[in-house]
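Undergrad: Everything below, folded, please.
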Amino acid sequence: MSTRLLEGRPAIVTGAAGGIGRGHILHLAAAGAPVVINDINGEAAAALADDVTAAGGKALVSTHNIGTREGAEGLIQACIDAFGSVRILVNNAGNLRDRTLLKMTDDDLDSVLTVHVKGTFWCTQAAARAMAEQGQGGAIVNTTSGGHFGSFGQTAYSAAKGAIASMTYTWAFELARYGIRVNAIGPLGTTAMSKTYRDADGKPGDEFDPTLNGPAVVYLCSDEAENVSGQVFGTGGPRLAHMVQPHYGKTLVKPDGWDLESIRKHFQTHMPGEFGPFGILGKPYPFHGGVRPPEPKDD
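TA: Now for the predicted structure:
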């Protein structure tokens, strides 16, 4: 029997009709939240709404396009009109355009940044304004990814997820005065989007049930997590991981400032040993031997 930590608190999930978003909806509804299922796939959203209502929950279907300000604002208003308020927002909607930097087009970049970054911004701004006016506080959960550590072929996606993590930190500061907490998850789950993923050997990754990110979202939206804001967590599968905020590591100090000769003298002695794994795969640092242009080809 589910613990109803969110009884009566209306919740919106974007990109909610399948995969990770579907799991969020099922767990939020089981925890007592009336849910707004936002997805451009109205048929799949309606089917999920039927599942929620069949289990005794309340659900509203929304096909608002959160890739526009009008769509995002319309989504928040639809929740308020149907359920009287908005208390929870989960920014889950996303898309992919896998291209390496040298092959990427402006359309590839704009498409991803519009949905992930602007969509998250527009939905959060509209929801936070409503939450502040309501005076009851609220919880916002964004969706980032370990991809923002660096992921081959995903310039746009990595940039978007890095932006979302940074917005999460900033919004946590700005919205605390209204009782609004802002956190983010980097979810793990096999979805239509993740099917494009390949590891360094060109093989698909392991499969994980995408719905298992939902319990962490429920907890982060509950009063039991009132001391949690501005944080990012890796969720799904067997893990629950705290994603450490970016911070300065080893620091060399020269009171009178660093000139070029001083940097040349000390840099290679002290810094390369700090260059550990980076990128979503966490492989050992690959560039200790240097990054050089390819050898000229023989004519």
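Undergrad: where exactly do the strands run in the stretch 1-150 of the chain?
TA: Using DSSP state E, counting those that start in this stretch, the strands assigned to the stretch 1-150 of the chain run over residues 11-14, 35-38, 59-62, 88-90, 138-143.
Undergrad: and the first one, average pLDDT?
TA: What it means is strand 11-14. Mean pLDDT, computed over strand 11-14, is 98.
Undergrad: helices or strands up against that strand?
TA: helix 19-30, strand 35-38, helix 69-83, strand 88-90, helix 119-134 (3 or more CB pairs under 8 Å, 6 or more residues apart in numbering; DSSP states H and E). Where C-beta positions appear, they are placed from N, C-alpha and C, glycine not excepted.
Undergrad: Which strand runs longest in this protein?
TA: With DSSP state E setting the assignment, residue counts place strand 180-187 as the longest strand in the chain.
Undergrad: before we move on, the earlier item: identify whichever of the helices and strands packed on strand 11-14 lies nearest to residue 101.
TA: Nearest of those to residue 101, taken as CB to CB: helix 119-134 at 23.3 Å.
Undergrad: so what's residue 210 up against?
TA: Residues in contact with residue 210 (CB atoms under 8 Å, 6 or more residues apart in numbering) are 19, 20, 22, 23, 187, 189, 190, 191, 236.
Undergrad: Including neighbour count and pLDDT, could the residues you listed go into CSV?
TA: CSV is the format used below for those (neighbours: other CB atoms under 10 Å; pLDDT from 0 to 100):
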residue, neighbour count, pLDDT
19, 20, 94
20, 30, 96
22, 26, 97
23, 25, 97
187, 29, 96
189, 21, 80
190, 19, 70
191, 18, 53
236, 25, 94
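Undergrad: from those, which is closest to residue 261?
TA: Residue 261 lies nearest to residue 187 out of these, by CB to CB, at 48.1 Å.
Undergrad: Quick check, that closest one in contact with residue 143.
TA: Yes: between residue 187 and residue 143 there is a contact under CB atoms under 8 Å: 6.5 Å.
Undergrad: Dump the strands of the stretch 1-150 of the chain into TSV; add distance to residue 44 and mean neighbour count as well.
TA: What follows is the strands of the stretch 1-150 of the chain, written out as TSV (distance: least, CB to CB, whole Å; neighbours: other CB atoms under 10 Å):
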stretch	distance to residue 44	mean neighbour count
strand 11-14	13	30
strand 35-38	9	30
strand 59-62	10	22
strand 88-90	17	30
strand 138-143	19	26
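Undergrad: Out of the ones you listed, which is closest to residue 112?
TA: Judged by CB to CB, the one of the strands of the stretch 1-150 of the chain that comes nearest to residue 112 is strand 138-143, at 13.2 Å.
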